[in-house]
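Asker: show me how the following folds:
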Amino acid sequence: MFCFTCNLQDKAEDLNAIDSCEFIWESGVGAALSLPYNAAHDSNRTELLKLLLTCFSETMYYEPSDSGSGQVNRWVSHFTSPENRHALPVFTSLLNVCCSYDPVGLGLVPYNHLIFNDSREPLVETALQILIATLDHEGLPNSSANADQSQQNANQDNLFINYLSRIHRDEDFGFVLRGFTRLLNNPLAQTYLPNSTKKVSFHQELLIFFWKFCDYNKKFLYFVLKSSDVLDILVPILYHLNDSRADQSRVGLMHIGVFILLLLSGERNFGVRLNKPYTATIPMDIPVFTGTHADLLITVFHKIITTGHQRLQPLFDCLLTILVNVSPYLKTLSMVASTKLLHLLEAFSTPWFLFSAPTNHHLVFFLLEIFNNIIQYQFDGNSNLVYTIIRKRQVFHSLANLPSDYVTINRSLTRRSMHGKTRVPAMSRPSTPSSTVPATSESKEVKSEGAPEADQNRTAEEEEAMEGSRPAMPAEPGTLKATLPATPGIEKITERESAHPSSCQLNELTVGSLLGPDSELPSQPKSAETSLLPITEETDGVPQRTRKTSLTGSESGSTSSSLKRAQSLRRSLQLTEGSSSPTQGTQQWNPTSEWVYSWKSKLPLQTIMRLLQVLVPQVEKICIDKGLTDESEILKFLQHGTLVGLLPVPHPILIRKYQANLGTTSWFRTYMWGVIYLRNVDPPIWYNTDVKLFEIQRV
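Answerer: Residues are numbered from 1 along each chain as shown. Here you go, the predicted structure:
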């Protein structure tokens with residue numbers, strides 16, 4: 001490869017005597033100097049890599065059930081084995097070419113990409129495809145007993161995985177992360193002249209490579225989360241999720257984006273970073289808001305759930321799980337984001353929706369857990385959410401009094417034909433705020449964000465959409481797409497663990513400045529004695545907890561029992577065997593009163609009901625006494641309010657971390673090769689061949 005793509009002497013010695021490490025294509029990881037740029041060499045490298053990619057594509061000719069049953073591609077095996085003495089320079093060349101590429105360059109001449117040919121972009125695209133193909137771990141064992149040993153052996157045999165996992169210098173991590181953020185944010189760049197800068201389109205390969213990098217190198221994952229640079233990964237992912245939600249040909253892109261966010265949300269620092277104010281001007285068709293990246297996350301997720309196509313239903317659990325994981329750290333949600341969360345609860349708690357599938361009620365459990373986490377751990381900074389809960393309190397009362405008799409269940413299910421089987425119900429229950437609670441500016445926002453009138457809601461959101469945005473469009477007829485296997489249920493791809501590791505584990509995870517001086521992590525009451533003392537000031541970055549408890553000596557084990565209750569609650573949320581979507585198995589589903597009661601009795605409403613019991617009379621009284629007609633006074637009252645000694649003991653925070661299994665491995669492999677296939681249809685590489693891993697369909 002290096003003899004074919006580099007300048008060598010005309011009369012070279014024996015090729016085996018050449019040190020290929022001197023011919024690494026670009027500077028970066030493991031190389032300080034770059035070879036002189038040569039367009040002919042880039043073209044030669046691209047053609048040679050495409051030839052290798054064709055040899056690596058044997059996986060596409062296996063059935064999905066056989067793709068992970070132990071077959072080893074001999075081309076990939078040799079290319080990444082110690083037998084290939086050029087493995088290290090090849091790996092670093094591919095990595096550095098991808099991470100050093102800047103499609104805009106100096107950006108001094110508008111439309112320069114239309115005048116000059118860029119030979120580097122096809123090389124970067126093909127190099128990315130080679131990297132993700134060689135980093136794919138073939139031949140996973142069917143038995144989990146020797147899975148760890150097999151993974152360790154695979155890392156040793158596959159030098160590309162080995163080299164990737166051994167990168168550890170902050171300089172190298174910074175170089176790689178800058179490459180990811182530069183390329184992922186490239187399609188989002190705004191200019192005064194339309195299309196004046198070059199836009200790359202290999203974001204799917206980038207996301208797959210980022211996933212594999214984080215999977216094989218946990219130090220890189222922690223480096224990404226160490227600073228606010230993780231937000232430069234978050235924003236383009238949210239952009240693509242929002243832009244792809246109506247396009248069925250991009251359902252795989254939706255999944256990989258959500259899976260990456262699920263992986264990131266399993267780390268506490270991700271939730272902390274979301275509190276950074278969002279000031280970018282990315283053209284997304286979402287309502288204009290002033291807030292943080294957490295508000296952006298919630299707003300985009302709401303848009304996906306309420307306006308996405310029906311094939312995104314299996315992602316609802318994942319989307320809400322991400323919000324559950326980060327909710328204990330969200331400090332100042334905006335009114336827009338707060339209203340979005342309440343709208344989701346109002347929609348998912350509609351009786352006909354709850355009764356129409358055996359797992360729909362899990363979505364309500366997730367949302368209630370989000371509210372409980374914010375109330376218990378971030379009450380002081382979330383007056384907007386508390387105010388919205390008070391205004392929408394009828395939703396919680398209706399949920400607590402949900403009828404479970406046979407007649408009501410059947411009557412509710414008759415509404416299914418009016419709403420359709422898989423669509424999320426629109427808000428049909430009118431807002432019932434107290435007559436004494438002012439509804440001026442906020443009432444307008446409630447109407448535009450979640451009023452029952454769909455047309456009014458749609459019009460308001462269109463008027464509020466960000467400047468320069470365009471609505472998400474479905475795929476054009478005839479667009480090619482590759483089929484994908486079903487994704488496992490949320491309980492199969494996550495495992496629950498405490499958000500408060502032991503001191504030994506914490507030291508391992510926070511080496512150096514991982515958490516940073518400005519990290520703010522929720523605390524867990526360690527004993528009855530400590531939870532008796534209200535914390536009125538933030539110290540050492542730990543959020544305030546101003547709630548006293550009236551524990552007695554016999555209740556000193558409250559933390560342990562609370563942990564058990566939380567774990568029991570999460571066990572009650574486990575999906576039925578083989579279920580991967582909220583509406584799967586609805587054809588023969590017949591809800592019973594016993595089934596409704598079995599989960600209704602476990603709804604975690606105690607904290608919210610106690611909050612309403614305390615604050616609603618206070619809000620009504622202050623409105624009457626002072627004759628308030630402006631919501632700002634209510635918000636000011638809530639900002640300075642306290643629930644000392646009134647709420648239940650703060651529950652332990654349990655997070656759901658992504659856990660790989662054979663199902664997700666099979667899905668990623670199918671998705672990866674589907675992307676590679678579709679990115680090489682012009683000119684076609686595998687056209688009219690007997691591909692079995694997936695089917696190519698037209699939308």
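
Asker: stretch 362-375 - what's its average pLDDT?
Answerer: Model confidence over stretch 362-375 averages 96 on the pLDDT scale.

Asker: return the helix or strand in the chain with minimum mean pLDDT.
Answerer: Every helix and strand in the chain was compared by mean pLDDT, DSSP states H and E; the lowest is helix 528-531, with a mean of 30.

Asker: give me the most central residue, this structure.
Answerer: residue 261 (2.1 Å; CA atoms, centre = their mean).

Asker: mind checking which helix or strand that residue is in?
Answerer: Assessed by DSSP states H and E, residue 261 sits inside helix 251-265.

Asker: likewise residue 670?
Answerer: helix 662-678.

Asker: following that helix, which helix or strand shows up next?
Answerer: Helix 662-678 is succeeded, C-terminally, by strand 696-698 (DSSP H and E).

Asker: residues in contact with that following strand?
Answerer: 477, 478, 479, 480, 481, 482, 483, 677, 678 (CB atoms under 8 Å, 6 or more residues apart in numbering). All C-beta atoms are positioned from the backbone trio N, CA, C, and that covers glycine.

Asker: just the buried ones from those residues, in PyMOL syntax?
Answerer: Command for PyMOL, covering only those of the contacts of strand 696-698 found buried under the criterion 16 or more other CB atoms under 10 Å:
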select buried, resi 481+482+677+678
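
Asker: just the ones of the contacts of strand 696-698 in strands?
Answerer: Counting by DSSP state E, the contacts of strand 696-698 place 480, 481, 482 in strands.

Asker: is it true that the last one touches residue 691?
Answerer: No. Using CB atoms under 8 Å as the test, residue 482 is too far from residue 691 to be in contact (9.0 Å).

Asker: any common contacting residues for these two?
Answerer: residue 677.

Asker: where in the stretch 51-200 of the chain is pLDDT low?
Answerer: Applying pLDDT under 70 to the stretch 51-200 of the chain flags the ranges 67-70, 106-115, 137-155, 190-196.

Asker: domain-wise, how is this protein divided?
Answerer: As assigned by automatic domain parsing, the chain contains the domains 1-226, 282-579+591-664.

Asker: could you tell me the least trusted of those?
Answerer: Mean pLDDT is lowest for domain 282-579+591-664 among the domains of the chain, at a mean of 73.

Asker: ends of that domain, how far apart?
Answerer: End-to-end distance for domain 282-579+591-664: 31 Å, by CA to CA, to the nearest Å.

Asker: also stretch 162-177?
Answerer: For stretch 162-177, the first-to-last residue distance is 19 Å (CA to CA).

Asker: so where's the longest helix in this protein?
Answerer: Secondary structure of the chain per DSSP state H: the longest helix is helix 606-626.

Asker: buried ones in that helix?
Answerer: Result for helix 606-626 [16+ other CB under 10 Å]: buried residues 607, 608, 611, 612, 615, 616, 619, 622, 623.

Asker: centre of the chain to the helix holding residue 261, how far?
Answerer: Here helix 251-265 is found 5 Å from its chain centre; the criterion is CA atoms, centre = their mean, to the nearest Å.

Asker: which helices and strands does that helix pack with?
Answerer: The helices and strands touching helix 251-265, judged by 3 or more CB pairs under 8 Å, 6 or more residues apart in numbering; DSSP states H and E, are helix 203-216, helix 218-226, helix 230-244, helix 316-326, strand 654-658, helix 662-678.

Asker: the ones you listed: which one's closest to residue 397?
Answerer: helix 316-326 (22.0 Å; CB to CB).

Asker: what is the closest one packed up against?
Answerer: The contact analysis (3+ CB pairs under 8 Å, 6+ apart) places helix 316-326 against helix 251-265, helix 268-273, helix 293-307, helix 361-378, helix 490-493, strand 654-658.

Asker: list the buried ones in that helix?
Answerer: So helix 316-326, judged by 16+ other CB under 10 Å, has buried residues 316, 317, 318, 319, 320, 321, 322, 323, 324, 325, 326.

Asker: now the angle between helix 230-244 and it, please.
Answerer: Orientation note: helix 316-326 sits at an angle of 160 degrees relative to helix 230-244 (axes from the mean of the first three to the mean of the last three CA atoms, to 10 degrees).

Asker: and the next helix or strand past helix 316-326?
Answerer: helix 335-348.

Asker: and for residue 51, the neighbour number?
Answerer: By the measure other CB atoms under 10 Å, the count of residues near residue 51 is 11.

Asker: for it, give its distance to residue 682.
Answerer: 17 Å (CB to CB, to the nearest Å).

Asker: likewise residue 486?
Answerer: From residue 486 to residue 682 the distance is 30 Å (CB to CB).

Asker: kindly report the same for residue 136.
Answerer: Residue 136 is 24 Å from residue 682, by CB to CB.

Asker: likewise residue 281?
Answerer: From residue 281 to residue 682 the distance is 34 Å (CB to CB).

Asker: quick one, which of these two is more surrounded?
Answerer: residue 281 (10 against 7).

Asker: check the secondary structure at that one for me.
Answerer: Secondary structure, DSSP: H, G, I helix; E, B strand; the rest coil: residue 281 is coil.

Asker: tell me the phi and psi of it?
Answerer: phi -120, psi 50 (degrees, to the nearest 10).

Asker: what's the answer for the one 5 residues further on, then?
Answerer: The phi/psi pair for residue 286 (degrees, to the nearest 10) reads phi -130, psi 160.

Asker: with residue 496 instead?
Answerer: According to degrees, to the nearest 10, residue 496 has phi -90, psi 140.

Asker: find the nearest non-adjacent residue to it, please.
Answerer: Using CB to CB, 6 or more residues apart in numbering and skipping residues adjacent in sequence, the residue nearest residue 496 is residue 654, 5.1 Å away.

Asker: centre of the chain to stretch 298-309, how far?
Answerer: 13 Å.

Asker: distance of residue 335 from residue 290?
Answerer: Noted for residue 335: a distance of 10 Å to residue 290, by CB to CB.

Asker: my error: substitute residue 205 in the last question.
Answerer: On the measure of CB to CB, residue 205 and residue 290 end up 35 Å apart.
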